[in-house]
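> Mind looking at a prediction? Sequence and model below.
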Amino acid sequence: MIHLIPLTEQEFQEYLAFMISDYANEITNNFNLTFQSAKEESEMMMNDLWKDGLLTEGQYLYNILDPKTHEKVGIVWYGLVPDLNQAYVYHIFIDAIYRRKGYGKRTLEKLQSVLKQRGIASIGLSVFGKNEAAYQLYKKLGYKNTRLSMELVL
């Protein structure tokens, strides 16, 4: 089974830099925003969600390791929403060379198992409209649509 190992401070700083840019690109590709506006939004979100860095209560960030080779294959970030007894997956990222090999599925299954053992009732997540592969994976694992956003660019 997949191993989840907490990030070091250096890995966390590298992840923040990557995530701000990556999320800004996703916002730009999926919404009608300039990259600069998207980057500002991404920076505000990351600063808010990680206000105390790795010590931020309720936020969890793990390297995903292959169980046999112990190679890092990606990262998963989730937070807890105590009022709803829910976990929310903010980001699951599998490195390009490991994609389409089952790591995303096995990571979510591992996370589901860990959270269920902790008494968490449900897991929420969002998927960008252009990420069909992730959407299909989530459906295959039993995730259901709870809301749908649409846009028409004029």
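Thanks, I have the structure now.
> so where's the longest helix in the protein?
helix 9-30 (DSSP state H).
> Could you list the residues in contact with that helix?
Counting by CB atoms under 8 Å, 6 or more residues apart in numbering, the neighbours of helix 9-30 from elsewhere in the structure are 7, 33-35, 38-39, 41-43, 45-46, 50, 53-54, 61, 63, 75, 91, 93, 128-130. In short, each C-beta sits where N, CA and C put it, glycine included.
> Could you do stretch 119-131 as well?
By CB under 8 Å, 6+ apart, the list of residues contacting stretch 119-131 reads 26, 29-30, 78, 80-81, 84-90, 111-112, 115, 134-135, 138, 143, 146, 149.
> What are the buried residues along it?
The neighbour-count check on stretch 119-131 (16 or more other CB atoms under 10 Å) flags 120, 123, 125, 127 as buried.
> A helix includes the last one, no?
No: according to DSSP: H, G, I helix; E, B strand; the rest coil, the state of residue 127 is coil, so it is not within a helix.
> Which pLDDT value goes with it?
At residue 127 the predicted local distance difference test score is 87.
> Geometric centre of the chain: which residue is closest?
Most central in the chain under CA atoms, centre = their mean is residue 91, positioned 0.9 Å from the mean C-alpha point.
> what's across from that one in the sheet?
Following DSSP bridges, residue 91 is listed with bridge partners residue 77.
> Contacts only, for it.
For residue 91, the contact set (CB under 8 Å, 6+ apart) comprises 19, 75, 76, 77.
> In the lowest-mean-pLDDT helix or strand in the chain, which residues are buried?
When the helices and strands of the chain are compared on mean pLDDT, DSSP states H and E, helix 132-140 comes out lowest with a mean of 89. Across helix 132-140, burial judged by 16+ other CB under 10 Å covers 134, 137, 138.
> can you check stretch 83-91 too?
Burial within stretch 83-91, assessed by neighbour count using 16+ other CB under 10 Å, is assigned to 87, 88, 89, 90.
> now do stretch 68-78
In terms of neighbour count (16+ other CB under 10 Å), stretch 68-78 has its buried residues at 73, 74, 75, 76, 77, 78.
> Quick check: the third one touching residue 7?
Yes: Residue 75 lies in contact with residue 7 (CB atoms under 8 Å); the separation is 7.5 Å.
> Name the residues contacting each of these two.
What both residue 75 and residue 7 touch, as defined by CB under 8 Å, 6+ apart, is the set 15, 61, 62, 63.
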